[in-house]
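In: What shape does this take:
(one chain, ligands or ions: 1)
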Amino acid sequence: MTNEQVTSILEGKIQLIETAEGALYLVGPIKLPVNLKGRTVHFHWYCWLDCKEATDDFGRIIEKLISINLAEFQQSSVLAYGDFAEADEALIRMHSICHTGDIFGSKRCDCGFQLKQSMQMIADHGAGALFYLANHEGRGIGLFGKALAYILQENGYDTVDANLRLGFADDSRDYRDAIAVLRQLRTKPVTLITNNPKKLEALERAGMNVAGRRSLWGDQSEYNKKYLQTKIGRSGHLGESSCNND
Ligand SMILES: Nc1nc2c(ncn2[C@@H]2O[C@H](COP(=O)(O)OP(=O)(O)OP(=O)(O)O)[C@@H](O)[C@H]2O)c(=O)[nH]1
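Out: Sure thing, here's the model as predicted:
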C-alpha cells in the first residue's frame with residue numbers, strides 16, 4: 001500500500017476542529033466493544049490531538065507524528081454511544097483522568113466507580129458520550145503532583161490544602177477542547193453526569209444547551225470518606241440529596 005492509499009483511508013476518519021490556539025484533529029469513529037459488567041457494549045470511540053498548526057492537509061500531520069513522541073504526551077478521547085448526534089436526549093460525562101482510581105481501582109477516591117457507572121448510565125440511557133480527559137490528572141496537577149499531595153494528605157491536610165501547600169491551584173482543569181469536540185459531535189441539548197457545578201458552568205459559558213444534570217455518588221467507604229466530605233465542604237460539589245433537574 002502506498003503512502004497516498006494509507007492517507008486516503010485515514011482522511012475520511014479525521015475532522016479538523018479549529019480553535020483559538022490552533023486545531024484539534026479528531027479521529028473516529030472507531031468500533032470499540034467494551035466489557036461492562038460481563039455484557040459487551042458497543043461504543044464508538046474517537047481520539048483527538050491538540051496541535052498549534054491548523055491544516056486540512058492531514059497527510060502532512062500524519063507524517064509529522066513520527067517525529068513527536070506521542071506517548072510522552074496525553075491525548076484525550078471520547079466514547080460515544082447510540083445515535084449521539086441526533087438522539088433527542090443524550091447523557092454526557094466529562095471524566096477527569098484518575099490513574100489510581102480508574103486503572104488501579106484505588107478506594108481513596110470515587111473516580112473508578114464514577115467511570116464505570118457513567119458508562120453504564122450512558123448505555124442504559126441509549127445515547128450519550130463519555131469524555132475521558134487525559135490532561136486533568138489530580139484536578140490538573142499531574143500524577144506526580146497528586147502523589148506528593150497524597151503524602152501531605154497522609155499527614156493531615158485535606159485534598160484542597162494539599163494542592164495549595166504544594167503551590168498548585170486547587171483545580172486548574174480546562175474543558176475548552178472537550179467542549180469543542182462535543183460541539184462537533186452534537187449540537188442538541190445534553191444532560192451532564194456530575195456533582196460538580198463548575199463543569200455545568202463551563203458548558204453553559206461555552207453556549208452549550210444543557211438540559212439537566214444527573215448526580216453520581218457511590219462506592220463510599222472509610223477510605224474516601226474525608227475526600228468526599230472535602231468535595232462537598234470545600235470544593236462546592238452538590239451533595240447526594242441535591243435534586244437532579246432533568
Ligand atoms: N489533587 C488531587 N486530585 C485528586 C485526588 N483524588 C482524586 N483526584 C483527581 O480528581 C479528579 C476528579 O475530580 P473530583 O473533584 O473528584 O470530581 P469532579 O470531576 O470535579 O466531579 P464529578 O463530575 O462529580 O466527578 C481526577 O482527575 C482525580 O485524579 C486527590 O486526593 N488530590
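
In: who in the protein is up against the ligand?
Out: 96-98, 109, 111, 114, 136-139, 141, 146, 149, 153, 159, 163, 194-196, 199, 216, 227, 231, 235, 237 (C-beta under 6 Å from any ligand atom). In short, each C-beta sits where N, CA and C put it, glycine included.

In: Just give me the neighbour total for the closest residue to S77 other than its chain neighbours.
Out: Ranked by C-beta to C-beta, 6 or more residues apart in numbering and with sequence neighbours excluded, the top spatial neighbour of S77 is C47, at 4.2 Å. Neighbour count for C47, taken as other C-beta atoms under 10 Å: 16.

In: Secondary structure element for C47, which one?
Out: strand 39-51 (DSSP states H and E).

In: Same check on L143?
Out: Using DSSP H and E, L143 falls in helix 142-153.

In: for that helix, which positions count as buried?
Out: The neighbour-count criterion (16 or more other C-beta atoms under 10 Å) identifies G145, K146, L148, A149, Y150, L152, Q153 as the buried residues of helix 142-153.

In: now stretch 227-246
Out: For stretch 227-246, burial by neighbour count (16+ other C-beta under 10 Å) applies to Y227, L228, T230, K231, S235, H237, L238.

In: Any chance of those residues in JSON lines with distance to D124 as columns?
Out: As requested, the buried residues of stretch 227-246 are exported to JSON lines (distance: C-beta to C-beta, whole Å):
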{"residue": "Y227", "distance to D124": "27"}
{"residue": "L228", "distance to D124": "24"}
{"residue": "T230", "distance to D124": "30"}
{"residue": "K231", "distance to D124": "25"}
{"residue": "S235", "distance to D124": "28"}
{"residue": "H237", "distance to D124": "23"}
{"residue": "L238", "distance to D124": "22"}
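
In: Okay then, goodbye and thanks.
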